[in-house]
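Peer 1: Generate a structure from the sequence data that follows.
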Amino acid sequence: MSEIMIRLDDVTFSYKSGAAVFERFSWQAATGDAWAVIGPSGCGKTTLLYLISGLYQPLAGTIAVAGERVPRKDRGRTGLILQDYGLLPWATVQGNVELGLRIRQFYGLSDMNHAASARVAFWLDRLGICGLRDKYPAQISGGQRQRAAIARTLVVQPDVLLMDEPFSSLDALTREDLQNVVLELQAEMGITTIVVTHNIEEAVLLGRRILVLGQPPIREPQVVDNPCADLALFRDAPEFYNQCTELRGRLAR
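Peer 2: Now for the predicted structure:
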């Protein structure tokens, strides 16, 4: 049986307005799981990622990642990729990729040594942006910026990869290309991933399991299993369209 990487126990969270988003909500993800989270706007998808990453604190209940209660001492081990890339405009692509390592060095959590520099070079090459290392974010495309954001997150070797609608602002072909990159990384690294999306097809493609959130307050997790997600050429398989139809029906209820 797989170890539990992420665990939420009886989590309650609401904003200052008083509107409850989660109420005694419990859910868990095993090591190596690939989850997609989908639901209507304002249902708490991004809030869930922020709770797991430690950016938000629950009013009640507990959250643990890799057996350590959130917020973790080394927050960089929970990687978060945002829709708007989050790149520093005054830093080069390489400088942005190095950022997490330099922050960890500042807090005494790691050294910017030869091994760390080698990881930067590896991820620049692996994400296909080695030739852009001296460019600034304004000089590269949206897809290239998101590749830099992914490289910056993975270079610190996180246990968990959280992605908040990472490809929603990209054109269709670039989005498909980066979806394939995520699938390759899942297969290569076995990293626990959670992708928030409003796109049914993307949820089915990237999530071996899909968490469906309804209108708040969320109390019970609704999970759709996606056993065919590991099929070769799944995007073009009949099972893909069947799963999309099932998920669309679940969302319409």
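
Peer 1: Now tell me what touches stretch 150-157 from outside.
Peer 2: 76-77, 79-81, 87, 96-101, 104, 110, 116, 119-120, 123-124, 126-127, 129, 161, 166, 178, 181, 185, 189 (CB atoms under 8 Å, 6 or more residues apart in numbering). Glycine gets a C-beta too; all of them are placed from N, C-alpha and C.

Peer 1: Among the residues you listed, which lie within helices?
Peer 2: 96-101, 104, 116, 119-120, 123-124, 126, 178, 181, 185, 189 (DSSP state H).

Peer 1: Mark which of those are buried, thanks.
Peer 2: 96-101, 104, 116, 119-120, 123-124, 126, 178, 181, 185 (16 or more other CB atoms under 10 Å).

Peer 1: If we only consider those, which is nearest to Glu3?
Peer 2: Leu185 (20.0 Å; CB to CB).

Peer 1: I'd assumed Val195 was in contact with that closest one.
Peer 2: No - using CB atoms under 8 Å as the test, Leu185 is too far from Val195 to be in contact (11.6 Å).

Peer 1: Below-threshold pLDDT in the stretch 51-200 of the chain: ranges please.
Peer 2: 73-76, 106-112 (pLDDT under 70).

Peer 1: Swap in 80 and give it another go.
Peer 2: Scanning the stretch 51-200 of the chain with the threshold set as pLDDT under 80 gives 71-77, 103-116.

Peer 1: Leaving out sequence neighbours, find the closest residue to Ala149.
Peer 2: Leaving out its chain neighbours, the residue that sits closest to Ala149 by CB to CB, 6 or more residues apart in numbering is Tyr85, at 4.7 Å.

Peer 1: contacting residues for the one you found?
Peer 2: Tyr85 neighbours (CB under 8 Å, 6+ apart): Pro137, Gly142, Arg145, Gln146, Ala148, Ala149.

Peer 1: Please tell me how far the first one sits from Ala116.
Peer 2: Relative to Ala116, Pro137 is positioned 22 Å away (CB to CB, to the nearest Å).

Peer 1: same thing with the fourth one?
Peer 2: As defined by CB to CB, Gln146 lies at a distance of 22 Å from Ala116.

Peer 1: quick one: the strands in the chain?
Peer 2: 4-14, 20-30, 34-38, 60-65, 68-69, 78-81, 160-164, 192-196, 209-212, 222-225 (DSSP state E).

Peer 1: Asp177 reaches Gly142, doesn't it?
Peer 2: No - between Asp177 and Gly142 there is no contact under CB under 8 Å: 11.6 Å.

Peer 1: give me every residue that touches Leu87.
Peer 2: Asn96, Pro137, Arg145, Ala148, Ala149, Arg152.
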